[in-house]
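Participant: model this:
(3 chains)
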Amino acid sequence: MRLYVDSSKCSGCNACRVACSLNLFGENNPKKAALVIEPHFPAPGVYRVRVCTQCGDCAKVCPTEAIKQDEQGAYFVNYADCNLCEACVPECPEEVMFVRAKLADTAWKCNLCGDCVAVCGTSALWIAEIEALAA
Amino acid sequence: MNGYAGRILRVNLTNGTFTKEPTPAALARDFIGGRGFGIYLLLKEVPQGADPLGPENKIFISSGPISGMLIPGGGKCDWTTKAPLTGGYASASMGGHFTAEMRYAGLDSIILEGVSPKPVTLFIDDDKIELRDASDLWGKNTFMVEKQFKDKLGEEYQIAVIGPGGENMVPYACVNHDYGRQAGRGGVGAVMGSKKLKAIVLHGTKSIPVADPAAYRKAGMALYKACKEADGLKQWTSYGTTQVVSWCDEVGALPTRNFSAGSFEGASTLSGPYMREHIVITDKGCFGCPCPCGKYSRMKKYNSNVEGPEYETIGLCGSNLGIADIESVAQANLLCDDLGIDTISAGNAIGWAMECYEKGIFTKKDTDGLDLKFGNVEAVFTMIEKIARREGLGALLSEGVKRASKKVGQGTEKFAIHVKGMEQSGYATHNATAMLLSYMTCDVGAHHNRAWAITYDLQVGRELVVPEKVARVIWLQNFRPMFDVLGGCRLQWVELNIDRDLYVPALEAITGIHRSWEDLEMVGARIWNLTRLYWARENEGFGRSWDLPPARFYEDAPKSGPTKGQITKFEDVNKLLDIYYEQRGWTSNGLPTPATIESLGLKAVFA
Amino acid sequence: MPATLRLSGPLRDFNGGKPELQVQPGRTIREVITDLGIVPETIAVVVVNEEQQTKDYIFQEGDVVLVLAIIGGG
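Facilitator: Residues are numbered from 1 along each chain as shown, chains lettered A, B, ... in the order given. Predicted coordinates:
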């Protein structure tokens, strides 16, 4: 399973990012979210949303093996094992692997909790099997 | 303090100093946030008789406890000041992402005071606060300035900026944010211009503490669920406020040719579905909104983009000016935003001038050679530019229709469409008495968003003057502004009809304090009375005569459309006020009685 | 087969608080809502099977009709 996005449906409201930070950290802080909305305004006037594809490239390079996979296939960060080395960050093809030491003592990424999907009013986000959509 | 960022930032522009004060618990308890903070601080801090454009006036920018939270529409920011347009109370509500960012920077409110000796930008990045030289930005339009900051600093930064309109202190200059959201009405942008503050640049990375995180998440999710399951979600998201264009035309509420009628022959090409099909390229939402009303449009004819036009701009810069081409309306919208003037007041001012021209009161000598007929798109574009620069006829129109018509005389006051000096927003009220009363008694002048009662008129009988209608207006005036107090948007309740009681557990989980809507409406009533007392404090002789509507609505019936020949009798105008004052506990001259002040617990505030 | 009329938010007060009612085909939306006590002018939008229509649309078999009012306002 992974998170999918149709950026053309995004209105840039950021509810997903607040829900994300609330799930990951129990905090109300979209700067600690694991998905990114890039507004491109005033021209051409589009949003581009970047989400984790659960490709696992981050886990492969993690020297402390802090990034693990759960039963639904989602890679998540075990906060206690992260040493903030940032090795994972440049590996992420979607640039949604985060280390911001000022904000948190750990790296963070999408754990496929689904809260972003639940709050998205324009149905821009959804979770589905990886194979099903790749076919 | 749970639910609050915890600090109020005071910026003294005269000497370039900053102080951070803890947000007082008593202020949060009694006035909650947003507009509530605004009126309290305005009364306490701006001395009686202050010149709105002088160093004594201040701007109070306030978020509320649901701003920046997991609450649908928690993206509204209140800008309160003494209004240059009216000389009374101004409170403009700005959407977008600014109010959330303020809270992430640890601020509930920002107080701007004094006058900077040179143009500056207020730069806030968490605890780093600076005033930076903005001499190179002075004179530039809003979009270019916002783009410049975003390119340099990144998309996480939120910007509020004034254009030439604000710099030139046009009394209805606005503040622009997020390429299309404004603190629009009353002239907040002019006050910012008078302080030589070009822009505020904000970035914050802090979390907002809540009383009960688990309950907060649950209540927030329940609100989103209710919105997503609402019947109207798809319709409202497709068209936003433009949904009502056709309906207003059908019921005679669409401002047409300076409010001389309520129905426009070109309405079909201004409608929501027409606009969506022809110019909209994406939806653009404010912070946290599941039903984004913002429509982002591309105008091929002009090779330009704009957020909008919204219903109000379609009404005032479209039908009210006799323009049926949606691309041209969108371009007028863009010009106003980019130059930093309010589309509602600008559309009114130009509509009034067009009527003066068509009646022969203005000739080409007065209009700088422009053929200022209704429907002349190029003339409208030119006038918008001239208003923002205060050149030629634009200098007169920039004063607003009250002052402009007083200068010109010759009966033009009769078709200057304003209350208390603020131009009327987009609902023609020839025969809709509750909506008329709503405009007459609105706390900033003729604005619709406090009490929107026109469907109530239609349901119970539009010309009826009965206590139930007045009670409905008062209830709406106490209730609807509470969304602006809480720092959020009312449209989820308005459009999607979600149960307002869903907000109660959310607010409790955030702040740790249980407040029922009954309690919140009481706060609304207190704020309403304070704004009234503020008007009276600042304007000698303030009272009943200030609440009279534009003469057009009781003297000059439309000659076409569904309200053809219909008008509100002047005796009914007075009857509306009699009932309203009585129900409010005000004197027959429209001032809160000592008993009312006492019963609302306002003696300590308004001493 | 009857059609379904769905009422948004406050309009449900005209239908005993219920969101839906069944309607026999053949009459206009205007007539049906007027019978419920709703003044047709208060209806801002009519959506029939996901498409916008006028209040003079005649109910057909199996239609799902949604009427939206803006009681709370703009």
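Participant: I'd say residue B:106 and residue B:7 touch.
Facilitator: Yes - in this structure, residue B:106 sits in contact with residue B:7. The criterion is C-beta atoms under 8 Å, and the distance is 5.4 Å. Every residue, glycine included, has its C-beta placed from N, CA and C.
Participant: Give me the spatial nearest neighbour of the closest residue to chain C within chain A, chain neighbours excluded.
Facilitator: Using C-beta to the nearest C-beta, the closest approach of chain A to chain C is made by residue A:123 at 14.9 Å. The spatial neighbour of residue A:123 that comes closest, neighbours along the chain excluded (C-beta to C-beta, 6 or more residues apart in numbering or on different chains), is residue A:9 at 6.3 Å.
Participant: Could you pull up the residues touching the residue most central in space within chain C?
Facilitator: If you average the C-alpha coordinates of chain C and look for the closest C-alpha using C-alpha atoms, centre = their mean, you land on residue C:67, 4.2 Å from that point. Taking C-beta atoms under 8 Å, 6 or more residues apart in numbering or on different chains as the contact definition, residue C:67 lies against C:5-8, C:11, C:29, C:33, C:38, C:43, C:45-47.
Participant: Need those in TSV (columns: secondary structure, distance to chain A and pLDDT).
Facilitator: As requested, those are arranged in TSV below (DSSP: H, G, I helix; E, B strand; the rest coil; distance: C-beta to the nearest C-beta, whole Å; pLDDT from 0 to 100):
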residue	secondary structure	distance to chain A	pLDDT
C:5	strand	25	96
C:6	strand	20	95
C:7	strand	22	93
C:8	coil	17	86
C:11	helix	22	90
C:29	helix	28	96
C:33	helix	28	96
C:38	coil	28	93
C:43	strand	24	92
C:45	strand	18	90
C:46	strand	23	93
C:47	strand	18	93
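Participant: ok, of the residues you listed, which one's closest to chain B?
Facilitator: residue C:8 (4.8 Å).
Participant: Show me which residues of stretch B:226-233 are buried.
Facilitator: Judged by neighbour count (16 or more other C-beta atoms under 10 Å in any protein chain shown), stretch B:226-233 contains these buried residues: B:226-228, B:230-233.
Participant: what do you get for stretch B:350-362?
Facilitator: Burial within stretch B:350-362, assessed by neighbour count using 16+ other C-beta under 10 Å, is assigned to B:350-358, B:362.
Participant: can you redo those residues as TSV with distance to chain C, secondary structure and pLDDT?
Facilitator: As requested, the buried residues of stretch B:350-362 are arranged in TSV below (distance: C-beta to the nearest C-beta, whole Å; DSSP: H, G, I helix; E, B strand; the rest coil; pLDDT from 0 to 100):
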residue	distance to chain C	secondary structure	pLDDT
B:350	22	helix	98
B:351	20	helix	98
B:352	23	helix	98
B:353	26	helix	98
B:354	25	helix	98
B:355	25	helix	98
B:356	29	helix	98
B:357	30	helix	98
B:358	29	helix	98
B:362	32	coil	98
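Participant: of those, closest to residue B:311?
Facilitator: Checking the buried residues of stretch B:350-362 against residue B:311 by C-beta to C-beta gives residue B:351 as the nearest, at 16.3 Å.
Participant: Please work out which residues outside stretch B:517-535 touch it.
Facilitator: Stretch B:517-535 is touched from outside by B:30-32, B:35-36, B:39-40, B:42-43, B:88-89, B:91, B:420, B:443, B:475, B:477-479, B:481-482, B:485, B:500-501, B:504, B:542, B:546, B:584, B:586, B:590-592, B:596-597, B:600-602, B:605-606, with contacts defined as C-beta under 8 Å, 6+ apart.
Participant: which among those end up buried?
Facilitator: Buried members of these, scored by 16+ other C-beta under 10 Å, are B:30-32, B:35-36, B:39-40, B:42-43, B:88-89, B:91, B:420, B:443, B:477-479, B:481-482, B:485, B:500, B:504, B:542, B:546, B:584, B:586, B:590-592, B:596-597, B:600, B:602, B:605-606.
Participant: Which members of the residues you listed occur in strands, if any?
Facilitator: With DSSP state E as the criterion, strands contain B:89, B:91 from among the buried ones among the contacts of stretch B:517-535.
Participant: Looking at the buried ones among the contacts of stretch B:517-535, which are in helices?
Facilitator: Using DSSP state H, the subset of the buried ones among the contacts of stretch B:517-535 located in helices is B:30-31, B:35-36, B:39-40, B:42-43, B:477-479, B:481-482, B:485, B:504, B:584, B:596-597.
Participant: which ones are touching the residue of chain A found nearest chain B?
Facilitator: Minimum separation of chain A from chain B (C-beta to the nearest C-beta) falls at residue A:121, amounting to 2.5 Å. For residue A:121, the contacting residues are A:11, A:13, A:15, B:72, B:224, B:227-228, B:233, B:237, B:285, B:289-292, by C-beta under 8 Å, 6+ apart.
Participant: run the last query once more with 10 Å
Facilitator: A:9, A:11, A:13, A:15-16, B:72, B:224, B:227-228, B:230, B:233, B:236-237, B:283, B:285, B:288-292, B:492, B:496 (C-beta atoms under 10 Å, 6 or more residues apart in numbering or on different chains).
Participant: how many neighbours does whichever residue of the stretch 201-350 of chain B sits closest to chain A have?
Facilitator: At 2.5 Å from chain A, residue B:290 is the closest residue in the stretch 201-350 of chain B, using C-beta to the nearest C-beta. Residue neighbour count, defined by other C-beta atoms under 10 Å in any protein chain shown, stands at 26 for residue B:290.
Participant: What values do phi and psi take at it?
Facilitator: phi -80, psi -10 (degrees, to the nearest 10).
Participant: my guess is it meets residue B:232, correct?
Facilitator: No - with contacts counted by C-beta atoms under 10 Å, residue B:290 stays clear of residue B:232, the gap being 11.8 Å.
Participant: Which elements pack onto the helix-or-strand element of chain C with minimal mean pLDDT?
Facilitator: The element with the least model confidence among the helices and strands of chain C, by mean pLDDT, DSSP states H and E, is strand C:51-53, at a mean of 89. For strand C:51-53, the packing partners by 3 or more C-beta pairs under 10 Å, 6 or more residues apart in numbering or on different chains; DSSP states H and E come out as helix B:233-239, strand C:43-48.
Participant: what's the first one packed up against?
Facilitator: When contacts are defined as 3+ C-beta pairs under 10 Å, 6+ apart, helix B:233-239 packs onto helix B:272-278, strand B:280-284, strand B:294-299, helix B:491-496, strand C:43-48, strand C:51-53, strand C:64-69.
Participant: can you give me the helices in the stretch 351-500 of chain B?
Facilitator: Counting by DSSP state H, counting those that start in this stretch, one finds helices in the stretch 351-500 of chain B at the ranges B:377-389, B:393-397, B:401-408, B:433-441, B:454-460, B:467-479, B:481-486, B:491-496.
Participant: To residue A:55, which of those lies closest?
Facilitator: The closest approach between residue A:55 and any of the helices of the stretch 351-500 of chain B, judged by C-beta to C-beta, belongs to helix B:491-496 at 36.7 Å.
Participant: just the CA coordinates of the closest one, formatted as PDB?
Facilitator: Only the C-alpha atoms of helix B:491-496 are listed here, as PDB (Å, rounded to 0.1, in the frame of the first residue of the first chain):
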ATOM      1  CA  LEU B 491     -18.700  29.200   5.200                       C
ATOM      2  CA  GLN B 492     -18.500  25.500   6.300                       C
ATOM      3  CA  TRP B 493     -21.500  26.200   8.400                       C
ATOM      4  CA  VAL B 494     -23.200  28.500   5.800                       C
ATOM      5  CA  GLU B 495     -22.600  26.400   2.700                       C
ATOM      6  CA  LEU B 496     -22.300  22.900   4.000                       C
END
